[in-house]
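>>> Sequence plus the predicted model coming up.
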Amino acid sequence: MKYVTTVNDKQFEVEVVDDRHIRIGDRLLEVDFQFVSGQPVFSLIVDGKSHESYVYHTEDEWQVLLRGHQFQVKVEDEREKRLKAAAGGGVSEGGEFHLKAPMPGLVVAVPIEEGQEIKKGQVLIILESMKMQNELKSPRDGIISSIKVKPGESVEQKQIILNIH
């Protein structure tokens, strides 16, 4: 699984390869990360070097104290980040909006129809990708002007799947 991790406003792509390995960018690291009994303390071993870290979760990020430095860390899985982007963070309320597939997949359901009035956050398309169903929601209020896919059809990443005006 890939994650986009932001540490003190700097982004890193982190891939969990298996139980003992992660990839940060193009560096493969052997890691062991263990919870230490009843405290927000973790034992972290990276490439044979041991570190003790304190980890606290706040509402939308993690506070990590490691080697005397405090870091603010936000973690989003790659799929979640793409879904948010497809939902159009910062979408204007006027004009036509083109909803694009955030990933390749199979259209499972289209619970709306052309001409229907929709509300922000309403499910527009259910897309299956990598054996997971993802609800693509409306980024704004509007009216469905055209639907370009049907249940059972495959879509490519960034393919326009419907329009809202």
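That came in fine, so what should we check first? All values reported here derive from a predicted model rather than from experimental measurement.
>>> Just the buried residues of stretch 155-165, please?
Residues of stretch 155-165 classed as buried by neighbour count (16 or more other CB atoms under 10 Å): 155, 159, 161-164. (Each C-beta comes from the backbone N, C-alpha and C, glycine too.)
>>> Among the residues you listed, which ones are in strands?
When DSSP state E is applied, those are split such that 155, 161-164 fall in strands.
>>> hmm, who's touching the host helix or strand of residue 31?
Using DSSP states H and E, the element containing residue 31 is strand 27-36. Defining contact as CB atoms under 8 Å, 6 or more residues apart in numbering, one finds that strand 27-36 is touched by 17, 20-23, 41-48, 52.
>>> Looking at those, which are in strands?
Per DSSP E, these map to strands at 17, 21-23, 41-46, 52.
>>> Out of these, the closest to residue 3 would be?
Proximity of the ones in strands among the contacts of strand 27-36 to residue 3 (CB to CB) peaks at residue 22, which lies at 9.4 Å.
>>> Check whether that closest one really touches residue 15, as I assumed.
Yes: applying CB atoms under 8 Å as the test, residue 22 and residue 15 come out as touching, 6.5 Å apart.
>>> okay, those two: which has more neighbours?
With neighbours defined as other CB atoms under 10 Å, residue 22 and residue 15 compare such that residue 22 has more, 17 against 14.
>>> ok, the more buried one - contacts?
Shown in contact with residue 22 (CB under 8 Å, 6+ apart): 14-16, 28-29, 31.
>>> mind redoing it with 6 Å?
Neighbouring residues of residue 22 by CB atoms under 6 Å, 6 or more residues apart in numbering: 14, 16, 29, 31.
>>> which one of the residues you listed is nearest residue 150?
residue 16 (35.3 Å).
>>> what about residue 81, how many residues close to it?
Residue 81 has 14 nearby residues by other CB under 10 Å.
>>> how close does it sit to residue 50?
Here the criterion is CB to CB, to the nearest Å. By it, residue 81 lies 32 Å from residue 50.
>>> rewinding a little: would you convert the ones in strands among the buried residues of stretch 155-165 into a markdown table that also reports distance to residue 10?
Shown next, in a markdown table, are these (distance: CB to CB, whole Å):
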| residue | distance to residue 10 |
| --- | --- |
| 155 | 33 |
| 161 | 33 |
| 162 | 35 |
| 163 | 36 |
| 164 | 35 |
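>>> Specify the residue ranges that define each domain of this protein.
Here the domain assignment for the chain is 2-78, 91-164, based on automatic domain parsing.
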